[in-house]
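Chemist: Need a 3D model of the sequence below.
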Amino acid sequence: MTPEASGVRSASQRAMASAFGMQTAIQAFPALGLKVAITSGDTHRFVVGNPDVQQLDVLAGTTVARASTAEHHAGKGEVLVLVDEATVKLGLEKEEG
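Modeler: Here you go, the predicted model:
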């Protein structure tokens, strides 16, 4: 496995562990629900706004749009993981034996 693939796998595993941890924690609050979408890929980061008033970090791009769409389709208590083409090329779509 390449160092890049190893890093992506590690980040993906941390993201999924965090998502399932949040799902477990939210069960203490039955009136609340949580939907999680995890994806990977390139994004564009912008700092927008007036520095004298307020500035915000904004992420944009296909990856953000895919995550938003997946979250919209997820049901309460679900964790959706989307695999992009770059991840597939790294060989992360299947376990290496």
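
Chemist: Give me the distance between the biggest helix by length in the chain and the centre of its chain.
Modeler: In the chain, taking DSSP state H as the definition, the longest helix is helix 3-26. Computed by CA atoms, centre = their mean, to the nearest Å, the chain-centroid distance of helix 3-26 equals 9 Å.

Chemist: any idea what sits nearest F20, other than its immediate chain neighbours?
Modeler: In space, and not counting its chain neighbours, F20 is closest to V79: 6.3 Å by CB to CB, 6 or more residues apart in numbering. Using the backbone N, CA and C atoms, a C-beta is placed for each residue, glycine as well.

Chemist: For the one you found, name its beta-bridge partners.
Modeler: V36 (DSSP bridges).

Chemist: Who are the contact partners of it?
Modeler: Contact analysis of V79 by CB atoms under 8 Å, 6 or more residues apart in numbering lists M16, A19, F20, Q23, V36, A37, I38.

Chemist: if we can go back for a sec, quick one: mean pLDDT over the longest helix of the chain.
Modeler: Helix 3-26 comes out with an average pLDDT of 83.

Chemist: what sits up against stretch 45-54?
Modeler: Defining contact as CB under 8 Å, 6+ apart, one finds that stretch 45-54 is touched by Q55, L56, D57, V58, L59, A60.

Chemist: Any of those buried? List them.
Modeler: Buried by 16 or more other CB atoms under 10 Å: nothing, out of the contacts of stretch 45-54.
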